[in-house]
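A.B. asks: Sequence unavailable; structure follows:
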């Protein structure tokens, strides 16, 4: 078990009701669509296909497993700037607002919680 796995397990083992939890884990869950980044070769060169940058999943398998297993109410993520979006993993709503440093825009998300559900959610840019 990796150190990340141990850290997530240590934190989540303290939850009384994981279904009402909000996971604020910087790295997004693996293969969620919130973790797509340019594919690099061994020399760290961006790979292309048909003249376009090739993207692939680079998120955390430990985060994915924790979300799939515990099904928290909400997952708030970042790290992968190219993959802004909102996805559902089981009952969990996972959000990565992305970033756009080249324009100076601050991306975020507004979430309204209502007891044991996400009442509303949206991506914002400002």
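C.D. replies: The structure has been received and is ready for your questions. All values derive from a computational prediction rather than experimental measurement.

A.B. asks: quick one, helices of the protein?
C.D. replies: Assigned by DSSP state H, the chain shows helices spanning 3-12, 61-70.

A.B. asks: give me every residue that touches residue 58.
C.D. replies: By C-beta atoms under 8 Å, 6 or more residues apart in numbering, residue 58 lies in contact with 30, 35-37, 80. Glycine gets a C-beta too; all of them are placed from N, C-alpha and C.

A.B. asks: Sorry, slip of the keys, the one I care about is residue 94.
C.D. replies: By C-beta under 8 Å, 6+ apart, the contact list for residue 94 reads 28-29, 32, 34, 67, 74-75, 77, 86-88.

A.B. asks: do you know how far it is from residue 87?
C.D. replies: Here residue 94 is placed at a distance of 5 Å from residue 87 (C-beta to C-beta, to the nearest Å).

A.B. asks: quick one on the thing from earlier: neighbour-wise, which of the contacts of residue 58 leads?
C.D. replies: Using other C-beta atoms under 10 Å as the neighbour criterion, residue 35 leads these with 27 neighbours.

A.B. asks: how close does the most centrally placed residue in the chain get to residue 37?
C.D. replies: Centroid-nearest residue in the chain, with C-alpha atoms, centre = their mean: residue 28, separated by 2.6 Å. Relative to residue 37, residue 28 is positioned 10 Å away (C-beta to C-beta).

A.B. asks: Now for those two: what residues contact both?
C.D. replies: The overlap between the contact sets of residue 28 and residue 37 (C-beta under 8 Å, 6+ apart) consists of 80, 83.
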